[in-house]
Structure formats: C-alpha cells, structure tokens
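Asks: Requesting a structural model of the entry that follows:
(one chain, ligands or ions: 2)
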Amino acid sequence: MSLNYMVPASKFKRYLPKDYVELVNYGPFGKTFAECGTKNMGKYKELVEEHPMCSGCWMAYYIKIIFASLPNPEHTVTIGTAGCGRLAISQAAVPFIYGNYGDQNAMASGITRAFRLRFPDQQKDVITIAGDGGMMDIGFSMTMHAWFRGEKFTTIMLDNEVYGNTGGQESGMSVKGAVLKMSPKGKNFNKMPAMQLAITAGCVYVVKMSPTNINKAAKAIRRAIFAARELGPTFIHAYTSCNIEYSIPTPDVFKDAQEMAKGRFAFEEFMTDEAKELFTVVEAKKKKEVN
Ligand SMILES: Cc1ncc(C[n+]2csc(CCOP(=O)(O)OP(=O)(O)O)c2C)c(N)n1
Ligand code: SF4
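Replies: Numbering: from 1, shown residues only. Ligands and ions are numbered 1, 2, ... in the order given. Sure, this is the predicted structure:
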C-alpha cells in the first residue's frame, strides 16, 4: 500500500464513501506522529473508530492506541488470529491478514521476508496482534520459532488472562488459581513468563505493561517497531482486561488496569545495547522533525 493508492482522483472523489474521503483528508496517512498520534487522539479521523467489542473493553482501547502509534500507517500490515482483538483490528484502515488460529507469527515471518525482497527500498512494518491464547498457547511454537529465527517484526500480545472470545477458558497466561466460567475448579499451574521467554528467544526489545499512560504505551509500541525494522524481533506484552469474563464493572476497568500497573504488569522494559543506541538516534531525529 502507499499514499498513491489512497488519494482519490479529484473527479472520482464525490462518488466515494464519505468515511474514506475523510480518512484521506483528516486521517493520519502522510502526517507526522505529532499531528496525528496519541497526543491528538479525538482531534483527527482515527484509523479504527467503530468496532463490535464489548462496552468498556480495555483491549479495544489499547488497540486504538496501537493504531494511533504507528510510525508509518500507510506502509503497515497487521496480522491477527481468532480472538476478541481481531474484531477491532480488522475494522482499521490498515491491511489486516487473518489466518488459522495461532499462526500469526509464522505468517508474519513470510510476509516480512517477502516485503524485503519485493520492496527493498521501502520500509514496510509488519505487526502481529493476538490474544494470550493465540500467542502463548495454541500459537506458542510459531511465536517462539519466529523469535528464535530472529524475524524482524513486532509481536503485540493482548493479555486478558483468559480465552475471552470463546466464553472464559483458562489460558497459559491466567494466574494460578484463577476460577473462570469454563475453568470452575481453578487453574492449577502458574502464569507463563512471557517476557523472559521473549528475551531468551532473542527479542531485542521487550516491554511488559498495563497501558494506563497513553504516551508511555505509544512510546513502547513505536520503539518496538523501530527496533524490528533494523535489529530483530520485538515484543510488547500488554494487559488488556476482559471485563466480561473477569466481571469487572465498566466504570472500574481503568482502576483495575491501574492496580495491575502496580502489580504483575508493573512496567518493565528490556533492550539490547544495539536497540538502545538505535533509539537515541531515531528519537533525536524525530524530535528535530517536530521542532
Ligand atoms: C484451531 C482453532 N482452535 C480453536 C478455535 C476457537 N477459538 C477462537 S478464539 C479462541 C480463544 C481466544 O482466546 P485468546 O487468544 O486469548 O483471545 P481473546 O479472545 O481472549 O482476546 C479459540 C479457542 C479456533 N478458532 N481455531
Ligand atoms: S469478551 Fe472480554 S476481551 Fe472480548 S470484547 Fe468483551 S470485554 Fe473485550
């Protein structure tokens, strides 16, 4: 995809859906992060606006942040799988690829490599976005092997600590003892250490967080994308509660996320020395572009 495909021919413009024209005129394509990033959300036409996820779903909120953080939305492809998140991700004005349950990182490996061959002079960003079941249970081998192979794309795990979309089975990321609708006896093994697994498997940048601070969340997503372009696999492990399966009243969803930010989702950031060096250069350049 490129801007050339998105800008409608002037004579054709009046026949196009209003939504599309507004996206071209007032959306983030071709704009800077300072103009159409997380700081200005609500003031421009966002890449994902309407979606069928539950009212107050924290995952849907975080997905909006992901799309508002993209450094280059017109050259980005997202890859997802079965699970609640794909209901919103597939509504975004960014190409979305949907495969069999759990194979998102295998698909992303092929697509990233194909892009590098087909568009050697154009940076394309590939991001997989999937739930904890898709990423750490059924897709576990494909997630891990993509990391071990050093595939250069970003993996974002939407961890709601349950299979939300299928009515509340425990996942490897549920905590020990968690009692869920379809795990009435309580889970009997520990939450998987996703961050440590990612570091061991060779991810060059890894963050664990509860995304209560929008700008901090955006910074992590952008860093993950910048590092994946140059250095290797990157991973964001975000807490995205399921207020339905964990019976969190909608007005308390933010409070719950704040509690998590003080607990098992306290902010942790890992980066290799090369990634650190890269961020110093890239972030100084971006700052200069804004001033
Ligand atoms: C191969 C296969 N097995 C099972 C399913 C059924 N299925 C759909 S979504 C889902 C679980 C989703 O849980 P998770 O990945 O954690 O995402 P969430 O819905 O919680 O966001 C399952 C088991 C499927 N679609 N394909
Ligand atoms: S079931 Fe849970 S994760 Fe799925 S949309 Fe509803 S609140 Fe969000």
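
Asks: Any residues of the stretch 1-150 of the chain in contact with ligand 1? List them.
Replies: With C-beta under 6 Å from any ligand atom as the criterion, the stretch 1-150 of the chain meets ligand 1 at residues 82, 83, 84, 85, 100, 101, 131, 132, 133, 134. Every residue, glycine included, has its C-beta placed from N, CA and C.

Asks: Start from the N-terminal end of the stretch 51-200 of the chain and give the helices.
Replies: 58-69, 85-89, 104-118, 132, 140-148, 194-200 (DSSP state H, counting those that start in this stretch).

Asks: list the buried ones in the last one?
Replies: By neighbour count with 16 or more other C-beta atoms under 10 Å, helix 194-200 contains the buried residues 194, 195, 197, 198, 199.

Asks: What pLDDT does the model give the second one?
Replies: Reading off the per-residue confidence, residue 195 sits at a pLDDT of 98.

Asks: ok, it touching residue 209?
Replies: No: Residue 195 is beyond contact range of residue 209, at 10.2 Å (criterion: C-beta atoms under 8 Å).

Asks: What score does the residue nearest to residue 136 when sequence neighbours are not counted have for pLDDT?
Replies: Closest residue to residue 136 apart from its sequence neighbours, by C-beta to C-beta, 6 or more residues apart in numbering: residue 172 at 4.8 Å. Model confidence at residue 172, given as pLDDT, is 98.

Asks: just the one 5 residues further on next, same as before
Replies: According to the predicted model, the pLDDT of residue 177 comes to 97.

Asks: so how far is residue 262 from it?
Replies: Here residue 177 is placed at a distance of 20 Å from residue 262 (C-beta to C-beta, to the nearest Å).

Asks: could you pull out the strands for the stretch 101-250 of the chain?
Replies: 125-131, 154-159, 205-209, 234-239 (DSSP state E, counting those that start in this stretch).

Asks: With mean neighbour count added, can I get these in CSV?
Replies: CSV is the format used below for the strands of the stretch 101-250 of the chain (neighbours: other C-beta atoms under 10 Å):
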stretch, mean neighbour count
strand 125-131, 28
strand 154-159, 29
strand 205-209, 26
strand 234-239, 26
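
Asks: for whichever residue of the chain sits closest to ligand 1, what are its contacts?
Replies: Nearest residue of the chain to ligand 1: residue 131, at 2.3 Å (C-beta to the nearest ligand atom). Residues near residue 131 by C-beta atoms under 8 Å, 6 or more residues apart in numbering: 81, 83, 84, 85, 157, 158, 159, 160, 163, 164, 165, 171.

Asks: need the residues of the stretch 101-250 of the chain near ligand 2, please.
Replies: Close to ligand 2, as judged by C-beta under 6 Å from any ligand atom, the stretch 101-250 of the chain has residues 160, 164, 165, 242, 243, 244, 245.

Asks: Kindly indicate which of those lies nearest residue 258.
Replies: Using C-beta to C-beta, residue 243 comes nearest to residue 258 of those, at 14.2 Å.

Asks: Would you agree the closest one is in contact with residue 54?
Replies: Yes: using C-beta under 8 Å, residue 243 is in contact with residue 54, at 6.7 Å.

Asks: Comparing these two, which residue is more hemmed in?
Replies: Comparing residue 243 with residue 54 by other C-beta atoms under 10 Å, the one with more neighbours is residue 243, at 21 against 17.

Asks: Now do the contacts for residue 49.
Replies: residue 91.
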